[in-house]
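Participant: Quick check, what structure comes out for this input:
(chains A and B)
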Amino acid sequence: MSVIVRIAVEHATKRYSAGSVTVFEGLELAVRDREAVCILGPSGCGKTTLLRCMHGLVGLDAGRIAIDGSSVTSPRRNVAMVFQHFGLMPWMRVRENVGYGLALAGTPRATLDERVSRYTDMVGLNGFERAYPYQLSGGMQQRVGLARALSMEPEILLMDEPFGSLDAQTREILQDELLHIYQGHPRTMVFITHSIEEAIAIGDRIVVLSARPARVREIMTVDIPRPRTVASVVAHPRFVELRDHCWRLLRERAVA
Amino acid sequence: MTIREAQATAASAVVARRRAGRLHLSDWAVRLGSVALVLGLWEFAGPRLNPLILRPPSAIFRAFFELVGTGELQEAFGQSLREFAAGMAIALVAGILIGVASGRNRFIYNAIDPIVGALYSTPSVALVPLISVAFGRAAMGDEPRIATVALFAIFPILINTQQGVRNVDQSLLEVARAFSSSERRLWTDVILPSATPFVLAGVRLAIGRGLIGMIVAEFLIGLVGLGYLIIAYENVFRIDRMFVPVVVVSAMGILLMSFVQWIEGRVAPWLRREQ
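Facilitator: Below is the predicted model of the structure:
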């Protein structure tokens, strides 16, 4: 059985501050079709930078990142991103925020309206279409961010610590909803997180990065069957082993 | 130079407006009571202290109708309003255009910032004689006074617009890029909406300064309008009549600023946050 690679990170190197800070160097990674890959690493290790490079928001200093075989130079419409800071336009209502990407893509009015309604419902925001972001809680704001990305019906979803700034309870609810959405329609997903539990719950595979300059410490397969919920993952016997293993990998590096 | 200052004024204006939007009945009672107290003291104690200068509000009220009766007030008001409107229009158009251009373009910003800084730091009043001379003593049209209003009003608009454009949330610019926004849509979706509250705060500051420019120009460049009325009745010691144009200018300021505040609520409803 041949494996289709959607995102190929080939010997990617990124430096900051005129080359004096190396964020990552010679990074190799392949994300397969319809696979959920979680990238786990200590804070400040360059996870977010890697994701931004994958989307073509920032360029590499060496190596390349290819999506479907062609080098990424700028954001593509079949790739959508969810931001840690939500990135909602404060002057747009929920509807307009959800439809933002579609409007930029020149989507016809009827299709846009239909998709906005569908994805607003999917993330449980029906009734809030006319609200402004400031009227919503953090969790609801990120639902808007998620709906905005999903409404593009992207083949690839890039998630930059999307639940990192939410309280524990809200985070778990959104993790469950993301699992539900993903399992109902699996698509290629790269999910950045610094939470081991989250990485195990969401990912098919977990890529553990070291501290800066980031290297791939290990790639592990999460052999917990889908459909999952956060509760079912935590209750699974493999969960504790995977968590301890991730812990050791992250801690070794932190102490070293 | 005045970047921080402009930001602070913009921010405090926004904060003040928000607070003003949440006045309770008890707040209004205190406000009305305070005004009534001052007017009452003025009315009854004023003439006892100095009957010539501290003319009571009732006398000013009577003088208002006298001046309306002779038509003097309407004529002067019309004259002043024309100057003010023309000067503000120039300040708005030029201030916003230069502000946007310099906010977005580093070259233009560096080119104009020292000049804007120097002119804004100079008390504008000191430049009024220069305007008068520049337009020529012979030309006694409204042009030099319009130019004075524009000079007084342009800087808060220009600097606030510039700061509004420069302060666009970088993360929102990245979101726009992530969704493949065109440059034009970047302006209409992100930069202009985010700069709007700054621009409007600048306009409100500009109204106050523009009114000062209007009166100063009428004092110093060919006595006309409400400024002329103030000087004319001061010279004949009709302090009650002198106060009438003063009250009119103050009412203009209050009305125009509330108008801009109302516009702000219309075009920037997302600023009506409760917490």
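Participant: Which stretches in the stretch 151-256 of chain A count as helices?
Facilitator: Secondary structure of the stretch 151-256 of chain A (DSSP state H, counting those that start in this stretch): helices at A:168-184, A:196-202, A:230-235, A:237-255.
Participant: any idea of the mean pLDDT for the shortest one?
Facilitator: In this model, helix A:230-235 has a mean pLDDT of 95.
Participant: Report the separation between the residue lying closest to A:Asp33 once chain neighbours are set aside and A:Arg32.
Facilitator: Residue nearest to A:Asp33 in three dimensions, not counting chain neighbours: A:Ile4, with 4.1 Å by C-beta to C-beta, 6 or more residues apart in numbering or on different chains. The C-beta positions use only the backbone N, C-alpha and C, and glycine is treated the same way. Between A:Ile4 and A:Arg32 the computed distance is 6 Å (C-beta to C-beta, to the nearest Å).
Participant: the more surrounded of these two?
Facilitator: For A:Ile4 versus A:Arg32, the count of surrounding residues by other C-beta atoms under 10 Å in any protein chain shown is larger for A:Arg32: 15 against 10.
Participant: In contact with that one, which residues?
Facilitator: Contacts were defined as C-beta atoms under 8 Å, 6 or more residues apart in numbering or on different chains; by that measure A:Arg32 touches A:Val3, A:Ile4, A:Val5, A:Arg6, A:Thr188.
Participant: Apply 10 Å and report the result again.
Facilitator: A:Val3, A:Ile4, A:Val5, A:Arg6, A:Ile7, A:Thr188, A:Asp204, A:Arg205 (C-beta atoms under 10 Å, 6 or more residues apart in numbering or on different chains).
Participant: go on, A:Ile67?
Facilitator: A:5-8, A:31, A:54-56, A:76, A:78-79, A:155-156, A:188.
Participant: Show me which of the contacts of A:Arg32 are buried.
Facilitator: Among the contacts of A:Arg32, the ones that count as buried by 16 or more other C-beta atoms under 10 Å in any protein chain shown are A:Val5, A:Arg6, A:Ile7, A:Thr188, A:Asp204, A:Arg205.
Participant: from the residues you listed, which single one is nearest chain B?
Facilitator: Nearest to chain B among the buried ones among the contacts of A:Arg32, counting by C-beta to the nearest C-beta, is A:Ile7 at 15.8 Å.
Participant: I'd like the distance between that closest one and A:Ala18.
Facilitator: From A:Ile7 to A:Ala18 the distance is 28 Å (C-beta to C-beta).
Participant: B:Val224 too?
Facilitator: For B:Val224, the distance to A:Ala18 (C-beta to C-beta) stands at 61 Å.
Participant: Sitting in strands, which of the buried ones among the contacts of A:Arg32 do you find?
Facilitator: The strands, defined by DSSP state E, take in A:Val5, A:Arg6, A:Ile7, A:Thr188, A:Arg205 from the buried ones among the contacts of A:Arg32.
Participant: mind giving me a markdown table with those and columns for pLDDT and distance to B:Phe237?
Facilitator: Output for these, formatted as a markdown table (pLDDT from 0 to 100; distance: C-beta to C-beta, whole Å):
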| residue | pLDDT | distance to B:Phe237 |
| --- | --- | --- |
| A:Val5 | 93 | 93 |
| A:Arg6 | 95 | 88 |
| A:Ile7 | 96 | 86 |
| A:Thr188 | 96 | 86 |
| A:Arg205 | 97 | 91 |
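Participant: Need the residues that contact stretch A:167-178.
Facilitator: Stretch A:167-178 is contacted from outside by A:36, A:82, A:122-124, A:137-140, A:142-143, A:146, A:150, A:157, A:159, A:162-166, A:189, A:191, A:193, A:195, A:197-198, A:201-202, A:228-234, using C-beta under 10 Å, 6+ apart.
Participant: how about the residue nearest in space to the middle of chain B, what does it touch?
Facilitator: Taking C-alpha atoms, centre = their mean as the criterion, B:Ile207 is the residue nearest the geometric centre of chain B, at 1.2 Å. Contact analysis of B:Ile207 by C-beta under 10 Å, 6+ apart lists B:84, B:88, B:91, B:153, B:156-157, B:252-257, B:259-260.
Participant: let's see it at 6 Å
Facilitator: By C-beta atoms under 6 Å, 6 or more residues apart in numbering or on different chains, the contact set of B:Ile207 is B:Leu256, B:Met257.
Participant: so which strand or helix has it?
Facilitator: Applying DSSP states H and E as the criterion places B:Ile207 in helix B:192-220.
Participant: Tell me how chain B divides into domains.
Facilitator: With domains defined by automatic domain parsing, chain B comprises B:1-54, B:57-274.
Participant: Format the ones you listed as TSV; extra columns: distance to A:Gly44.
Facilitator: Output for the domains of chain B, formatted as TSV (distance: least, C-beta to C-beta, whole Å):
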stretch	distance to A:Gly44
domain B:1-54	29
domain B:57-274	18
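Participant: ranking those domains by burial, who's on top?
Facilitator: Per residue and on average, the most neighbours among the domains of chain B fall to domain B:57-274, with a mean of 18 (mean count of other C-beta atoms under 10 Å in any protein chain shown).
Participant: Longest helix in chain B, please.
Facilitator: When chain B is parsed with DSSP state H, its longest helix is helix B:72-104.
Participant: Pull the distance from it to the chain's centre.
Facilitator: Centroid displacement of helix B:72-104 relative to its chain, using C-alpha atoms, centre = their mean, to the nearest Å, is 10 Å.
Participant: Rebuild the domains of chain B as JSON lines, extending it with distance to A:Ala66 and mean pLDDT.
Facilitator: Formatted as JSON lines, these follow (distance: least, C-beta to C-beta, whole Å; pLDDT from 0 to 100):
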{"stretch": "domain B:1-54", "distance to A:Ala66": "43", "mean pLDDT": "72"}
{"stretch": "domain B:57-274", "distance to A:Ala66": "19", "mean pLDDT": "92"}
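Participant: Give me the contact list for stretch B:235-244.
Facilitator: Stretch B:235-244 has contacts (C-beta under 6 Å, 6+ apart) with B:Ile53, B:Arg55, B:Ala59, B:Ile60, B:Ala63, B:Phe64, B:Leu67, B:Ile230, B:Tyr233, B:Glu234.
Participant: Quick check: nearest residue in space to the fourth one, chain neighbours excluded?
Facilitator: Closest residue in space to B:Ile60, ignoring its immediate chain neighbours: B:Phe243 at 4.5 Å, by C-beta to C-beta, 6+ apart.
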